[in-house]
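Participant: need a 3D model of the following:
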Amino acid sequence: MSLSHASFLAIALALCCLGFVRAQPQRGLPPPRSNSYDANAVILKQNFDLNPDGSYQYNYETSNGIRADEAGYLKNPGTQVEAQVMQGSYSYTGPDNVVYTITYIADENGYRAEGAHIPTPPPVRAAAAPGRFFK
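Facilitator: Prediction:
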């Protein structure tokens, strides 16, 4: 069975259109920044130390200025109040060329992060003394 010239052109056109549709970037996702400084970043330094007691430390640094370090350990092991503790920091250069640094701790009290650019809630007013409004 042979294809006519018109059939062959129709199939070729359909395949080209299908290839074009498949090559479109996904909606909601930014296109890759293949020519950007971040896309070509390499790891300059990386360490990870795991101790016999389960505690650890790691750090890394990349060529585009990202840095991170963290240490963790098990607090009160074998007790009812056992908790994993992790604390560290990371920094990166934002699109505005400002270096942002976040320090954090995660433990039995939750995750808490601090950084000069992270908004903080306003201070809580002291509770009214008992009997002030009601007698």
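Participant: what mean pLDDT does the lengthiest strand in the chain have?
Facilitator: Taking DSSP state E as the criterion, the chain has its longest strand at strand 83-93. Per-residue pLDDT over strand 83-93 has a mean of 94.
Participant: for that strand, which strands pair with it and how are they oriented?
Facilitator: In the sheet, strand 83-93 lines up against strand 67-75 (antiparallel), strand 99-107 (antiparallel) (DSSP bridges).
Participant: can you lay out the ones you listed as JSON lines showing mean neighbour count?
Facilitator: Where you see a C-beta, it was placed from the backbone N, CA and C, and this is true even at glycine. Output for these, formatted as JSON lines (neighbours: other Cβ atoms under 10 Å):
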{"stretch": "strand 67-75", "mean neighbour count": "15"}
{"stretch": "strand 99-107", "mean neighbour count": "14"}
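Participant: host element of Asn47?
Facilitator: Asn47 is part of strand 43-50, with elements assigned from DSSP states H and E.
Participant: oh, that last question was meant for Asp96, not what I typed.
Facilitator: Assigned by DSSP H and E, Asp96 belongs to no helix or strand.
Participant: pull the residues that contact stretch 98-116.
Facilitator: 65, 75, 81, 83-94, 117-118 (Cβ atoms under 8 Å, 6 or more residues apart in numbering).
Participant: 7 Å instead, please
Facilitator: Under the contact criterion Cβ atoms under 7 Å, 6 or more residues apart in numbering, stretch 98-116 has outside partners 65, 75, 83, 85-94, 117.
Participant: return a PyMOL selection command for the buried portion of those residues.
Facilitator: Here is the PyMOL command that selects the buried residues among the contacts of stretch 98-116 (16 or more other Cβ atoms under 10 Å):
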select buried, resi 85+88+89+90+91+92
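Participant: now the contacts of stretch 98-116 as a markdown table including distance to Ala41?
Facilitator: Output for the contacts of stretch 98-116, formatted as a markdown table (distance: Cβ to Cβ, whole Å):
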| residue | distance to Ala41 |
| --- | --- |
| Gly65 | 9 |
| Lys75 | 35 |
| Ala83 | 35 |
| Val85 | 30 |
| Met86 | 25 |
| Gln87 | 25 |
| Gly88 | 20 |
| Ser89 | 19 |
| Tyr90 | 14 |
| Ser91 | 14 |
| Tyr92 | 11 |
| Thr93 | 11 |
| Gly94 | 15 |
| His117 | 22 |
